[in-house]
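K.L.:
From the sequence below, what's the structure:
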Amino acid sequence: MSYYTATASTANALLSALQNGCTENGWTVSGSLIYKNNCVMDVAISGNGLRVIGGTGQTNGALTGQILLNGKNTLAASLAGVAQSISYPLTYHLHVFDKEVYLFVNYNVDNWSYIAFGQSPVAGITGTGNWYGGIGTGGDNFSDIRNINNQGQNGHHFSLLFSTMTPTGSISNQGQQVRSFIHHGLDGNEWSVSGEGVGSMTASGWAALPSQASATLVTAPLLNRQPNSYNGEAILLPITPAVYHQANSTLVIVGNLKQARYIRIDNYEPGQIITLGDTKYKVYPWLKKNTAARNGESYNGSNYDTLRHSGTFGIAVLYGGE
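P.N.:
Numbering: from 1, shown residues only. Take a look at the predicted model:
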């Protein structure tokens with residue numbers, strides 16, 4: 001595993017840093033593709049940030065096997081600004097592993113954004129286990145934050161990897177509110193997204209959604225009970241996206257992100273390194289830390305421009321630096 005951090009003055013410089021870090025760790029870069037075996041990602045500049053589209057292969061340098069909307073519009077996740085656009089120069093933090101990649105950027109003092117991708121299947125699935133995610137669906141669009149304590153259809157954060165965050169129903173190309181994707185092949189759904197409802201892709205759009213891939217459905221009770229009252233520490237919780245298995249009406253885990261964990265960061269600072277035995281993790285907020293409103297903010301139908309933080313929800317990534 002490798003860790004890189006530096007200042008990037010432009011989106012081109014940020015993309016080059018990502019490509020170089022991946023190349024140095026056994027990934028191949030060809031045009032806009034970053035890949036290792038059949039884990040293939042198309043990463044390019046979008047607005048002031050980067051966008052990533054995942055697939056399962058390539059033909060003559062073109063991505064194949066990607067998730068499509070209406071049969072033509074490829075679904076992307078992006079490193080985007082929330083309530084304000086990403087600005088340069090910024091500081092990036094890049095973690096590159098054998099099968100997983102995490103890129104975080106810190107801009108405008110205390111704002112953060114990310115994209116991440118990899119191949120993290122569990123035994124028994126027929127899909128590749130390829131996954132990708134980020135703050136936005138493309139460019140500099142805003143990301144909605146929902147209170148994770150709300151267990152209804154509008155609950156959970158948009159920004160967390162594999163978190164439930166959108167109501168059921170038809171979603172148009174203009175408003176798809178999905179941020180994370182995993183390829184598993186269960187129940188005839190090649191890809192699932194982090195969202196609510198179980199359905200299939202149709203020629204006219206999403207009647208509901210492909211079966212949701214949520215890792216927060218089972219971890220929310222534990223996330224809501226952190227940090228502990230004894231010493232103020234928070235436990236690291238696995239990010240294991242699960243989908244609804246129609247055959248036996250149960251949730252089935254289809255992925256296991258090996259190098260990252262959910263964490264509450266009430267008592268940790270962004271970028272802080274925590275040590276557990278011989279293992280170190282580096283802690284990041286999803287958007288921006290706010291202890292005064294630790295459970296995030298709620299979207300009321302018009303307040304996109306004020307959704308600026310992610311409370312104390314965060315992510316801890318295995319750290320290989322000094």
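
K.L.:
low pLDDT regions in the stretch 101-250 of the chain?
P.N.:
136-158, 164-178, 195-211, 246-247, 249 (pLDDT under 70).

K.L.:
tell me which element the closest residue to D98 other than its chain neighbours is part of?
P.N.:
What sits nearest to D98 in space, not counting adjacent residues and going by C-beta to C-beta, 6 or more residues apart in numbering, is G26, at 6.7 Å. Heads up, the C-betas are built off the backbone N, CA and C, glycines and all. Using DSSP states H and E, G26 maps to neither a helix nor a strand.

K.L.:
pretty sure G26 contacts K36?
P.N.:
Yes - assessed by C-beta atoms under 8 Å, G26 is found in contact with K36 at 6.4 Å.

K.L.:
any common contacting residues for these two?
P.N.:
Listed contacts common to G26 and K36 are D98; contacts here mean C-beta atoms under 8 Å, 6 or more residues apart in numbering.

K.L.:
Between those two, which is the more surrounded one?
P.N.:
Applying other C-beta atoms under 10 Å to G26 and K36 shows that K36 carries more neighbours, namely 17 against 11.

K.L.:
Bridged to that one, which residues?
P.N.:
Applying DSSP bridges to K36 gives these bridge partners: C39.

K.L.:
didn't it look like it was pressed against F97?
P.N.:
No - between K36 and F97 there is no contact, the gap being 10.4 Å when judged by C-beta under 8 Å.

K.L.:
who touches stretch 15-34?
P.N.:
Taking C-beta under 8 Å, 6+ apart as the criterion, the residues outside stretch 15-34 that touch it are 1-2, 4, 6, 8, 35-36, 40-45, 50, 58, 61, 63, 92, 94, 96-98, 101, 103, 117.

K.L.:
Quick check: mean pLDDT of it?
P.N.:
Stretch 15-34 comes out with an average pLDDT of 97.

K.L.:
Distance from it to the middle of the chain?
P.N.:
19 Å (C-alpha atoms, centre = their mean, to the nearest Å).

K.L.:
Buried residues in it, which are they?
P.N.:
Of the residues in stretch 15-34, those scored as buried under the neighbour-count criterion (16 or more other C-beta atoms under 10 Å) are L15, A17, L18, G21, C22, N25, W27, S32, L33, I34.

K.L.:
The first one sits in which helix or strand?
P.N.:
It stands for L15. Assigning secondary structure by DSSP H and E places L15 in helix 11-23.

K.L.:
In PDB, could you pull the C-alpha coordinates for that helix?
P.N.:
Written as PDB, here are the backbone C-alpha positions of helix 11-23 (Å, rounded to 0.1, in the frame of the first residue of the first chain):
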ATOM      1  CA  ALA A  11      -7.600  19.600 -12.000                       C
ATOM      2  CA  ASN A  12      -5.000  18.300 -14.500                       C
ATOM      3  CA  ALA A  13      -2.400  18.100 -11.800                       C
ATOM      4  CA  LEU A  14      -4.800  16.300  -9.600                       C
ATOM      5  CA  LEU A  15      -5.600  13.700 -12.300                       C
ATOM      6  CA  SER A  16      -1.900  13.200 -13.000                       C
ATOM      7  CA  ALA A  17      -1.200  12.600  -9.300                       C
ATOM      8  CA  LEU A  18      -3.900   9.900  -9.300                       C
ATOM      9  CA  GLN A  19      -2.700   8.300 -12.400                       C
ATOM     10  CA  ASN A  20       1.000   8.300 -11.300                       C
ATOM     11  CA  GLY A  21       0.100   6.900  -7.900                       C
ATOM     12  CA  CYS A  22      -1.900   4.100  -9.500                       C
ATOM     13  CA  THR A  23       0.800   3.300 -12.000                       C
END
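
K.L.:
quick one: it to chain centroid distance?
P.N.:
Its chain's C-alpha centre lies 19 Å from the corresponding centre of helix 11-23 when counted by C-alpha atoms, centre = their mean.
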